[in-house]
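> model the following, please.
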Amino acid sequence: MGRQVFGSAVATLSGWIIGWIALELLSWYGNGYFHHWNSYLVWDSLATFPLMGIFIVPVWLAILLPLYLLLSRSSFLWSPFVCVPLGALTGFLIMQAFFAYDDYVLYHTGGRHSFDFVWLSIPGAVVGATTCLVGTLTYRRFH
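Predicted coordinates for the structure are as follows:
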């Protein structure tokens, strides 16, 4: 069982890292930071990595780890053609739900609408897809 938990953690951490890279690329490109590189950006970028854990760790503990431990080897969900799109959709929807709620709260408290939920859902989809891809590719090794 320890190998299975480790395998699930490897898949999740892989998704976390690739999702963080996607988030940083979108952020830098969207804010024009490619032309204004400075040390503040490095620290700001590094700070986003642990903050992503607010979303990733609970999803891993509540959904991904139990699925990884309980799905049989013969399940159709271990197919990359099934798992990767489901992971991308799940990551996208989790981020959509959070930022839609955040936008709702801002609107009803007199704040302005933010459109973070539109572009921040893309790294959520990348995290989900990468996690599922690594999980399906390494499943036999860790079971």
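> can you point out the buried residues in the host helix or strand of Val82?
In this structure, Val82 sits in helix 80-108 according to DSSP states H and E. By 16 or more other CB atoms under 10 Å, the buried positions in helix 80-108 come out as 83-84, 87-88, 90-92, 94-96, 98-99, 103. For the C-beta atoms, the positions are set from N, CA and C on the backbone; glycine is no exception.
> same thing with stretch 13-27?
Per 16+ other CB under 10 Å, stretch 13-27 contains these buried residues: Ser14, Gly15, Trp16, Ile18, Gly19, Trp20, Ala22, Leu23, Glu24, Ser27.
> sec struct for the nearest residue to the first one once chain neighbours are set aside, please.
The spatial neighbour of Ser14 that comes closest, neighbours along the chain excluded (CB to CB, 6 or more residues apart in numbering), is Val134 at 4.2 Å. Taking DSSP: H, G, I helix; E, B strand; the rest coil as the rule, one finds Val134 in the helix state.
> isn't Val134 right up against Ala9?
No. Contact between Val134 and Ala9 fails when scored by CB atoms under 8 Å: they sit 10.7 Å apart.
> looking at the two, which is more packed in?
When Val134 and Ala9 are compared on other CB atoms under 10 Å, the one with more neighbours turns out to be Val134, at 21 against 15.
> contacting residues for the more buried one?
Val10, Ala11, Ser14, Gly15 (CB atoms under 8 Å, 6 or more residues apart in numbering).
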